[in-house]
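1. okay, predicted coordinates and the sequence, questions at the end:
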Amino acid sequence: MTEHALFDSDERRLQVFALDDSSAFGERVCQALGVPLDAHEERLFDDGEHKCRPLVNVRGNDVFVVESLYGDPLHSANDKLCRLLFFIGAIKDAGAARVTAVLPYLAYSRKDRKTRTRDPVTTRYVAAMVEAVGTDAVMTLDVHNLAAFQNAFRIQSEHVEALPLFAAYLSPLIRERPVAVVAPDAGAISRASKLRDALANAIGDDVELAMAEKHRKGGELTGDMLAGDVAGKDAIIIDDMIATGATLVRTASVCRERGAARVFALATHGLFTGDAQQVLGACGFDRLVITDTVPPFRLDHGAFRNELIILASTSLIAEAIRQAHGGDSNDPVKNVVS
């Protein structure tokens, strides 16, 4: 029996759509799954309005819609969110039994709490909109704040981690000297601790855990303390995203001042906003590793040619979809979904 036949044998057949902005990503997910990417239509009207609809029957099926919600020169994050919502609504109206929004990068995930008087909690508002069109579940990769993400949604939330990708890439490179995984701030401790454990298991040796001091006020970063020992070690800084690059560069500078032999930077989502290319380029990381959830379109062609590594996350997403479609709540997704 073929893999596709196995999927079709389920009462609810698996279907995967990817909106135009994420079509290439969706194709790679479907290749890993062994199923075709289903056809849809997106149409833009002269007044700026648009419509999205599936071109195949979805009635009674288990549907996954892929759309990475980053802004690019063609469409803002708001445009992509609106298209996603309308498309999910159309799929639900067409009789789909279950719809999962697969969001490799989730917009507005950083605004998950009030930091100033009368601030919005935009993560919660996005969750409410996604739920309002009838979405049954949401899946994302390395969200900014896992607890906030899980608390914002009242529907099923699936969180996929890129740690297996990072650990597999790094383990052959870090066997010559001791290693320290560095959290760039207190919020990244959990992520850094998980990577420390994965690397220690991969290389069969102890890995140090360190944390850099970070204070933000009025958009300015301060703090030069480092808890942990990186002297003579390969320092591996991990965060969920790179925006301007200031956090990573500040942490790398502290690591070098404390005697780190080499400095690696890892981030799942490479946004590279503002003057990130200049800031990061001047720092000179030994490796700058991201995934493909956001194409690095803001970087000049050939930027960081010898340092930038882009890891494919589509196999992780495909495996999470496969297990979510299986639907056995007594068999948790291992090493993929947290």
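-> Right, received. Where do you want to start?

2. just give the number of residues close to A90.
-> The local packing of A90 (other CB atoms under 10 Å) involves 17 other residues. Any C-beta I mention is one placed from the backbone N, CA and C, and that applies to glycine too.

3. can you list the weak-confidence ranges in the stretch 151-300 of the chain?
-> 214-223 (pLDDT under 70).

4. neighbours around the residue nearest to L146 when sequence neighbours are not counted, how many?
-> Closest residue to L146 apart from its sequence neighbours, by CB to CB, 6 or more residues apart in numbering: H159 at 5.9 Å. Other residues within reach of H159, judged by other CB under 10 Å, total 18.

5. quick check: phi and psi at H159.
-> Phi and psi for H159, reported as degrees, to the nearest 10, are phi -120, psi 120.

6. could you shift the numbering so residue one becomes 208, and keep it that way?
-> Taking 208 as the first residue, the last one we looked at is H366.

7. so what's it up against?
-> Residues near H366 by CB atoms under 8 Å, 6 or more residues apart in numbering: 346-350, 353, 356-357, 544-545.

8. roughly how far apart are it and L348?
-> The spacing between H366 and L348, counted by CB to CB, to the nearest Å, is 8 Å.

9. with D245 instead?
-> With CB to CB as the criterion, D245 and L348 are 22 Å apart.

10. neighbour count: those two, which is higher?
-> Legend: neighbour count by other CB under 10 Å for D245 and L348, higher for L348 (24 against 21).

11. extract the C-alpha trace of stretch 329-336 and format it as PDB.
-> Extracted as PDB, the C-alpha positions of stretch 329-336 are listed here (Å, rounded to 0.1, in the frame of the first residue of the first chain):
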ATOM      1  CA  THR A 329      -2.200  41.600  19.700                       C
ATOM      2  CA  THR A 330      -1.400  37.900  19.900                       C
ATOM      3  CA  ARG A 331      -4.700  37.400  21.600                       C
ATOM      4  CA  TYR A 332      -6.600  39.400  19.000                       C
ATOM      5  CA  VAL A 333      -5.000  37.400  16.200                       C
ATOM      6  CA  ALA A 334      -6.100  34.200  17.900                       C
ATOM      7  CA  ALA A 335      -9.700  35.500  18.200                       C
ATOM      8  CA  MET A 336      -9.800  36.300  14.500                       C
END
